[in-house]
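Participant: The sequence and its predicted three-dimensional model are supplied below.
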Amino acid sequence: MGSVTPPKKMMQLNIIDNTATGSHMAVGQWKDPKSMSRHKDRLDYYVWLAKMAEKGKITSIFFADLYGTHETYGGNADATFKGGLWVAMLDPVVLIGSMAQATTSLSFAVTGSTSYLTPYILARTWSSLDHITGGRIGFNIVTSFGKSPARCMGIDEAVPHDERYAVAQEYMDLVYQLWERSWEDGAQVWSTEPEMAYDPSKIHRIEFQGKYYKFSGFGQTHPSPQRTPALFQAGASKAGIAFAGKHAEGIYCGVPTIPGLLNYSKSVREAAVAAGRDPSTVKLFSGICPIVGRTEEEAWAKHAKYKANTSWQGGLSSFCALTGVDLSKYGLDEPFNFDEEELSNAGIQGIFKNFKLVESDKAWTPRMVGEKVGFGGFGPMPVGTPEQVADVMEKWFVEADIDGFNIQYMSNPESIEDLVELLIPELQRRGIYQTEYPVPGGTFRENMQGKPGQPLLGPDHPGAKLRWNAKAEEVPIREKASESA
């Protein structure tokens, strides 16, 4: 690509998946008898995926997750079950150990809900994962929305959009204490004489009293290789961008145009600066769904096959659940106006923005929305030979000021095999993608940031300022650890 300025950094790739036996971003691909999505309740699938990802020097496998069942469309879950969307889901946490054992450098970002997992339980679970993977774990911070998950948790209504971020802010203040402040380095002593397994003077009680959370106790797990897992977040609203700028080290963004994505990346990096952070430590990964063939004809034949298998009703169920807007009030082929929908209680407001950015003058109907969302959503979907697809990826990578991509696949094993065997070698040939991990066998943070020997949060991160050896004046009074065990 002669017109694109050579990049100053190396592209990173993550693979996004979930644990549903059916589909994720590409709804309905289970219709292909060769698809592995019918068998995602078997460990073999995840071990295969991990090995393939490491072969391609993928930075991480990113596990999306949710609670409840999509039942916004029509007030029931029929379209969800028929389309096979987010159905029969496993808990991704239980899979990580086996995937880590099959690899040495691949990392794993796992979604955790600040709405429904208590800070204490999440801190212990993610520390446990960080220990058993040798520091290769990330925490994708989400604030849950929608009536279905709320009612599964015994709550009538989910917390409104902007307040969810206020709750999440307090949540992070507490988990940072548990990860960074409760235990000092060197607390494990293993002294026989005098007897001391753990030095009590180096393990501190956390006393926390906030608006949404209170806590009195010790962090249950000793410091893991990263202490705080690598932190991911996705948010397109004003509140979400401010939260990401303060906390996130990796951001999953789904903006459908290069100018829109560039504006988003600028806003996030500005938010990081406003929070006192180095903006280069915030890595942005755009969703992309490449369809690759050895020839252009082969690639477009795959595209046609995938499109024929798409479930419009599963896609429509997804849109309605993610936005909180029930489109069943319109006829399937009745045009409607996005501007007339109430967004104050919407789940993910960025989805509405995407429809306005892409084909804004188009008269959308519910069926068309379902087809669009069910066929991979709004991210770029380059179709062609490895060279043609790499051209598109290089253009987005350079011009949108991002750090890489979250790969959304259509149908496995075909999609991931095409990625690793066809597309990645072309990216490596161009010198824009790594041929080896920056830190083989290293932690998630070391490999994502490209900084060997730096597995902990950087000193300008708010979590690092709560670390046990931080200056006392940097720690808010309400959140100080007790000076004695």
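Facilitator: Okay, I see it.

Participant: Next up, phi/psi of the nearest residue to residue 383 once chain neighbours are set aside, please.
Facilitator: Nearest residue to residue 383 in three dimensions, chain neighbours excluded: residue 291, at 4.5 Å (C-beta to C-beta, 6 or more residues apart in numbering). The C-beta positions use only the backbone N, C-alpha and C, and glycine is treated the same way. Backbone dihedrals for residue 291, given as degrees, to the nearest 10, come out at phi -120, psi 110.

Participant: And the pLDDT at residue 291?
Facilitator: With respect to pLDDT, residue 291 scores 98.

Participant: Tell me the spacing between it and residue 205.
Facilitator: 54 Å (C-beta to C-beta, to the nearest Å).

Participant: With neighbour numbers in mind, choose between those two.
Facilitator: residue 291 (25 against 15; other C-beta atoms under 10 Å).

Participant: How about the contacts made by the more buried one?
Facilitator: 299, 302, 303, 306, 381, 382, 383, 384, 389, 410, 415, 418 (C-beta atoms under 8 Å, 6 or more residues apart in numbering).

Participant: My reading is that the fourth one lies in a helix. Confirm?
Facilitator: It stands for residue 306. Yes - using DSSP: H, G, I helix; E, B strand; the rest coil, the assignment for residue 306 is a helix.

Participant: Which residue, other than its chain neighbours, is closest to it?
Facilitator: Per C-beta to C-beta, 6+ apart, closest to residue 306 is residue 410, 4.6 Å.

Participant: And the fifth one, by the same measure?
Facilitator: Leaving aside its sequence neighbours, residue 381 sits nearest to residue 289 (C-beta to C-beta, 6+ apart; 4.6 Å).

Participant: hang on, the earlier thing: can you list which of the contacts of residue 291 are found in helices?
Facilitator: Among the contacts of residue 291, DSSP state H puts 299, 302, 303, 306, 389, 415, 418 in helices.

Participant: Residue 146: neighbour count?
Facilitator: Counted with other C-beta under 10 Å, residue 146 comes out at 24.

Participant: tell me the phi and psi of it?
Facilitator: Here residue 146 shows phi and psi, under degrees, to the nearest 10, equal to phi 100, psi 150.

Participant: before we move on, what about the one 4 residues further on?
Facilitator: In this entry, residue 150 is assigned phi and psi values of phi -60, psi -50 (degrees, to the nearest 10).

Participant: mind checking pLDDT for it?
Facilitator: At residue 150, the pLDDT value in this model is 87.

Participant: hang on, isn't it packed against residue 113?
Facilitator: No - using C-beta atoms under 8 Å, residue 150 is not in contact with residue 113; the gap is 11.1 Å.

Participant: between these two, what contacts are shared?
Facilitator: residue 144.

Participant: Apart from its neighbours in sequence, what residue is nearest residue 371?
Facilitator: Using C-beta to C-beta, 6+ apart and skipping the chain neighbours, the partner closest in space to residue 371 is residue 312 (4.7 Å).

Participant: burial count for that neighbour?
Facilitator: 22.

Participant: so how far is residue 399 from it?
Facilitator: 32 Å.

Participant: Equivalent analysis for residue 250, please.
Facilitator: For residue 250 relative to residue 399 (C-beta to C-beta), the value is 20 Å.

Participant: Check residue 320 too.
Facilitator: Residue 320 is 33 Å from residue 399, by C-beta to C-beta.

Participant: Those two - which one has more neighbours?
Facilitator: residue 320 (27 against 14).

Participant: Which of the ones in helices among the contacts of residue 291 sits closest to residue 84?
Facilitator: residue 306 (14.5 Å; C-beta to C-beta).

Participant: Can you tell me how far that closest one is from residue 370?
Facilitator: Taken as C-beta to C-beta, the span from residue 306 to residue 370 is 15 Å.

Participant: of those two, who's got more company?
Facilitator: residue 370 (27 against 24).

Participant: so who does the more buried one touch?
Facilitator: For residue 370, counting by C-beta under 8 Å, 6+ apart, the contacting residues are 311, 312, 313, 314, 315, 316, 317, 319.

Participant: Backbone dihedrals for the first one, both of them.
Facilitator: Here is the backbone geometry of residue 311 (degrees, to the nearest 10): phi -100, psi 110.

Participant: got the contact list for the residue nearest to residue 149 when sequence neighbours are not counted?
Facilitator: Excluding the flanking residues, the one nearest residue 149 by C-beta to C-beta, 6+ apart is residue 68, at 3.5 Å. Each residue near residue 68 by C-beta under 8 Å, 6+ apart is listed here: 146, 148, 149, 150, 151, 152.

Participant: and the host helix or strand of residue 140, which strands flank it?
Facilitator: Using DSSP states H and E, residue 140 sits within strand 137-142. Strand 137-142 has the following strand partners under DSSP bridges: strand 107-113 (parallel), strand 230-233 (parallel).

Participant: Need the contact partners of the last one.
Facilitator: I take that to be strand 230-233. 62, 107, 109, 137-142, 240, 243-244, 247-252, 443-445, 448, 463.

Participant: what about it, average pLDDT?
Facilitator: For strand 230-233, the per-residue pLDDT averages 97.

Participant: Work out the gap between it and the centre of the chain.
Facilitator: 7 Å (C-alpha atoms, centre = their mean, to the nearest Å).
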